[in-house]
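Q: A predicted structure for the sequence below; I have some questions about it.
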Amino acid sequence: MRPVQTARRFPIRAIAGCVIAALATAGLARIQAPTTTDPGTTDPGTTDPTEKPDELAISLETRYWDDIEPLLAEHCFACHADTKQKGGVRFDNILTLDDALNIADDLATARHLLDDRQMPPEDEPQPTDHEILTIQQWIDDTLDYHPADAPIDPGWFTIHRLNRTEYRNTLRDLLEIDITKHDLVSTLPPDDTGYGFDNIAAVLSMSPLQLEAYLDAADRALNLALGPIVKPSTKHKPFPNAAITRGGRVTKDGAFNLFSNGDVLSEPKIPATAEYEITVSAWAQQAGNSPAKLAIRVDNEVIDTFDVNAEYGETDTFTIRTRIKQGRRQLTVGFINDYYVKGLADRNLTITSVTFAGPLTEESIERPDAYRSVFSAQPKNDSKAAQRIAAQQVIESFASKAFRRPVTPPETESLLNLYDASRLAGDNHEQAARVALTATLVSPAFLYRTVENPEPNNTEYIHQLSGHEIASRLSYFLWSSTPDDQLLSLAESGKLTDSSTLRAQTARMLADERSDAFIENFAGQWLLLRNLDRLAIDQSRYPEYSAELREAMITETTMLFAEAVRENHPIQTLIDSDHTYVNAPLAALYGFAELAQDPPADNTGFQRVAIPPGSARGGVLTTAAVLTVTSNPTRTSPVKRGYYVLDQLLGTPPPPPPPDIPRLENAADLLGENPSLREQLAAHLTDVNCASCHKRMDPIGLSLENFDAIGRWRDRDESGPIDAAGTLPGGTAFTGPTELKQILLAREDLFADNLTRKLLTYALGRGLEPFDRPTVRRILTQSKTDPAERTIPSIIHAIVQSDAFRTCRAPEPRTASRSTP
Amino acid sequence: MTTPLSRRTALKGIGITMALPMLEAMAGANQALGAVTGSLNTGAMRAASTAPTRMAFVFAPNGVNMPHWRPTLPTPADPATAFTGITKEFGLSPTLEPIAAIRDKINVYTGLTLDKARANGDGPGDHARSAATFLTGAQARKTAGNDIRIGTSVDQFAAQQIGHRTALPSLELGCEHGKRAGNCDSGYSCAYSANIAWADEDSPMPKIVNPAIAFERLFGNAEDAATRASNLRRRASILDLVLDDSKRLSRNLGVEDNRKLDEYQTSVREIERRVRRAQTEADDNPTPDQQAPAGIPKSYTEHIDLMYDMMILAFRTDSTRISTFALATEGTNRTFPEIGVKQGHHHLSHHKGDEHMIENIRKIDRFYVERFAAFVDRMANTPDGEGTLLDHTMLLYGCGIADGNRHNHDDLPILTAGAAGGHISNGRLIASPNETPLCNLYVSMLERMGCDIASFGDSTGNLAGLST
């Protein structure tokens, strides 16, 4: 048997910094069934005489054998025991509390099925209400079981590659890049998902394709953030490729002789927007009343004009200073007052040299903000030694931000070695420093979040995450991004590990707009909004459906979730609310009155509107996004909608259908012409293999049939008026979506449990295991402090305070794979 | 410089012209490599071919409608048993009709099985398993994420042995990424249904779905030689450093975290190899003189064709010799407006005997076979060495589920095309006894790639009779 993973496995000494306490923990690793006595199975250390028996465990077990086992034997074993393990579930092998905890998920399911009177099946003898209550109470107490004062098993932390979103947001915050304008992750393959989320450490793998994309993205990001590599210089260079565009010729000695109005043009690539100097030397063959004039232009804008008084044998020199924009620019020097009277007068201009210099000063260079913060340390002078000192400062400060913790001396040293090597190979100071910065952005310390565990292979050792590790865990949970300065400095000072600081920071982070990332990523995945763009709604059937409408749908549902987070609403408002958010196309789809001008729509065109009387909207389930993502391309799917409610909202998904479903011949024969979807689905109930699950799904889905495949209200479909009434297993009858929501509201316990599990999965970046039950139960208890209602923030606070979030242990080593070739 | 091939011919019909430098040098290098292959391939080097052997696997999701796929078999002597053996005398089914024009370049297989795609005690999840098992022949560990385990796929097995001979050990292509939210199949992580190529038991090789990115991966960005050289130099030293970093990090991590970090280190080493190769062979690298594909075409047909073209381009320039192509993600519910199929593929595959749905499935199956046949035809018209690209390639096309309605994994729909340098005879039906592991065919293919192979996945030997 797989060892039971309960907190009892963890000797208290394991908590770093804790006093070793002798507690009744490991001694109860095996609670003996009355029929067996096997002291040999207990762990070493259980003989510690200071340990006392775990009264709670013993009482749970006594209750099992006295009250529960006889009921299970009478009502359950016929289908769920050794001989016939229907649905892969058996209850006859519970001998110890460990056995019970090992099938905690099955027990939890059984508890809900008993609640709904779905099990035992209708045609079997039913337990009394009191008996059901007895079983449920025992299941609750068993699932809640946790030895007093023993640490909760926090589970493991797997090194966590930044996923695409996290990577992008991190670059945004680290380098001040506007990611709405620059797609830095287009070459990164999307991340695989597990447990419904794309931030599960175990499935975030690395491949050459990905690493190469990270390398390219690091280069691109640094170029964007820091701008071009450019140094100030006052040394003049001739105009590159200068040529006469009109009105002249190049003389033998390389001067530009302009004999009528004309230009000398050069198109240099200006490395950075900055102050430059242009110097022109010229002489003129004078004629007429005024001296020859020349104009200096940048991109056809005249910067200045000068009179050239010098004549043959001398030159006048003119210098201008001007700001020139980065990029390829047209610099021209023009002769602008030609004067010519045939045989009498001829004014000509000869330009003997034209040069430019710049950027003239560092201060004049237009640098992106990130440049100033990354390169805040500038060399004191031009010596290589001074530059190296600056490089070290630049590298240390950047790497400490990028690594989300102080960079270590060996890390700095190897980055500096890289700088030195690049200098040796001919790179200048800034170039070489940038090579080190690029290396920082592809280093495993940047790409992976890690937890340093002094006993990384000891599954019994519970380790407290450091302040910096907590800072990262928190910021990637709530911001999908790197910790900000405040978090890092609290980590540095050791305060972040305090519960109260942690609570205050969590509140601050939820209020910060960066928590939009949590809202979009969590809601987008939990509520399946992200799958909408995969669904090819048949536009010949639904011409109103467009990319714009689809985005509006996603926005509405996301806004409802965002409001629940930001305004700390009870989680029930996700199921039903008296208002929603619409823009004009959505209001039209919903048949709402035209949007009022007051309150004004936000800049996306959305505004909060009250649900009109008589409308069945309100809550996420009846938003167009959810109703559409659960439809087929050409019609609604009551089965998918029913499954959605059971799976995404309540966390009690029925198993998938068996393959090779035969045509239900006799059922089909019963159907008349043009059968309604309801009549077709009724066929499910005629087949015993389909009935047990479809009895749960179909009535829920059918109650939403008034909403078509893009979520628009309808009173009838192709086959006639919609009948949205239904009866759930256990006999609860209801008519339509409004009453469905009432039923869901009554199951707040299931909804809260499911939402908590999803949030915890997302927060930890790993799937939940049976040993996480006590954690989940604690979060549920702590998040509902009377009289306050349970809210998403209250669940998030309880998660952040939990041991699972703040501590970890090593994972179990892998057993040999049965599939290794 | 004269080349045995017109540069344009190589790329004709794929909308790209590029300067293919030093074809002779490539041919020379191939000759040398061919000799190596020959020595490993202790069989008859039948054709005096100097071109290397290439291998690709094309994966189609959701199985097929078998009654429309199954070729008509000769009547066996004993009518009680199905035909087994090898014959040129077989009829093409409606779905296979598109290969009629090239049937002498194709083999059709029956009786091949992926036993490890079956539940074998793990319950539902045939879709996820079939993709995961398709090229690995291994049983996917049932998990939604924690502790993923499958096995090395056949393409990566080859890439790990002979991939170092080319710039890219392998090229993973696809037309569709996995689902973006929710679960994929009955408790299996989406990693199983979204990936068919696996570098080891828990490291999938992600695919490229954007042809522009595939092009860039093959040929890099256009940059001048000096910039390129200094960029390569900088990149090489960065890779050195991060490898050291990862070693330092590794010392503080446990066994399990080190498994993940190992993926990182392997990736660094592979890119280092590429960089070194690029540094020493700077002039030989093909440099495109035209724009890369603009992006993902709107039409699925064009997208598929363009990805096939990227594969041809990769093979043609000997950038890689091993490739996989997932036409879509297993379990996909995509629609096919171009052939009038407006309902989702997966939805249709469970047709419950409905004639209309079956007809739509037949259309989809045929659509995929048509695209494959067109690709094979282009390969057959692409000169390579002393023959055509197809002469030196083996392409496998198939599904991990046989009948999409039944979720069975025996008698899979499998085709191969190409002569593998004269080591595969074509135009035949190769009917194995049912339950013959598909991996036996993989063993035979790996042998023809010059790999050192004793067994693969659940193979019980090689597949007899591939060459006559």
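A: Good, I have the coordinates. Numbering: from 1, shown residues only, chains lettered A, B, ... in the order given.

Q: low pLDDT regions in the chain?
A: No chain was given, so I picked chain A. A:1-53, A:148, A:595-601, A:660-674, A:786-788, A:815-821 (pLDDT under 70).

Q: ah, I was thinking of chain B
A: For chain B, the stretches flagged by pLDDT under 70 are B:1-49, B:76-81, B:222, B:282-291.

Q: check contacts around residue 103.
A: All of this is about chain A. Contacts for A:Ile103 (C-beta atoms under 8 Å, 6 or more residues apart in numbering or on different chains) come out as A:89, A:91, A:94. Any C-beta I mention is one placed from the backbone N, CA and C, and that applies to glycine too.

Q: Can you look at chain B instead?
A: Contacts for B:Arg103 were tallied using C-beta under 8 Å, 6+ apart; they are B:92, B:427.

Q: how near is it to chain A?
A: Distance, B:Arg103 to chain A, by C-beta to the nearest C-beta, to the nearest Å: 31 Å.

Q: which SS class is that residue?
A: Three-state call for B:Arg103 (DSSP: H, G, I helix; E, B strand; the rest coil): helix.

Q: residue ranges for the strands of the stretch 701-821 of chain A, please.
A: Ranges of strands in the stretch 701-821 of chain A, per DSSP state E, counting those that start in this stretch, are A:716-717, A:720-721, A:725-727, A:733-735, A:807-808.

Q: Highest mean neighbour count out of those strands?
A: Counting by mean count of other C-beta atoms under 10 Å in any protein chain shown, strand A:807-808 has the highest mean neighbour count of the strands of the stretch 701-821 of chain A, with a mean of 22.

Q: can you pull the buried residues of the helix or strand encompassing B:Glu359?
A: Applying DSSP states H and E as the criterion places B:Glu359 in helix B:355-380. If you call a residue buried by 16 or more other C-beta atoms under 10 Å in any protein chain shown, then helix B:355-380 has these buried ones: B:357-358, B:360-380.

Q: Using CSV, list the CA coordinates for stretch A:211-229.
A: Extracted C-alpha coordinates of stretch A:211-229, given in CSV (Å, rounded to 0.1, in the frame of the first residue of the first chain):
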residue,chain,number,x,y,z
LEU,A,211,15.4,27.9,-24.9
GLU,A,212,16.3,29.4,-28.2
ALA,A,213,13.1,31.4,-28.2
TYR,A,214,14.1,32.7,-24.7
LEU,A,215,17.5,33.7,-26.0
ASP,A,216,16.0,35.6,-28.9
ALA,A,217,13.4,37.2,-26.7
ALA,A,218,16.1,38.3,-24.2
ASP,A,219,18.0,40.0,-27.0
ARG,A,220,14.9,41.7,-28.4
ALA,A,221,13.7,42.8,-24.9
LEU,A,222,17.1,44.3,-24.0
ASN,A,223,17.3,46.1,-27.3
LEU,A,224,13.8,47.5,-26.9
ALA,A,225,14.4,48.5,-23.3
LEU,A,226,17.9,49.9,-23.5
GLY,A,227,17.8,51.4,-26.9
PRO,A,228,20.8,51.2,-29.3
ILE,A,229,24.4,50.9,-28.0
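
Q: Now that stretch: buried residues?
A: A:211-222, A:224-227.

Q: Would you mind listing the outside residues contacting that stretch?
A: Identification of contacts with stretch A:211-229 by C-beta under 8 Å, 6+ apart yields A:167, A:171, A:175-177, A:182, A:184-185, A:187-189, A:271-272, A:326, A:366-368, A:370-371, A:374-375, A:428, A:430-431, A:434, A:437-438, A:441-442, A:447, B:217, B:235, B:238, B:264, B:267-268, B:271.

Q: just the buried members of those?
A: By neighbour count, with 16+ other C-beta under 10 Å, the contacts of stretch A:211-229 hold A:167, A:171, A:175, A:177, A:182, A:184-185, A:187-189, A:271-272, A:326, A:367, A:370-371, A:374-375, A:430-431, A:434, A:437-438, A:441-442, A:447, B:217, B:235, B:238, B:264, B:267-268, B:271 as buried.

Q: Chain A contacts on the stretch 251-400 of chain B?
A: Within reach of chain A by C-beta under 8 Å from any C-beta of the partner chain, the stretch 251-400 of chain B has these residues: B:252-257, B:259-261, B:263-264, B:266-268, B:270-271, B:274, B:333-335, B:337, B:342-344, B:347, B:350, B:352-354.
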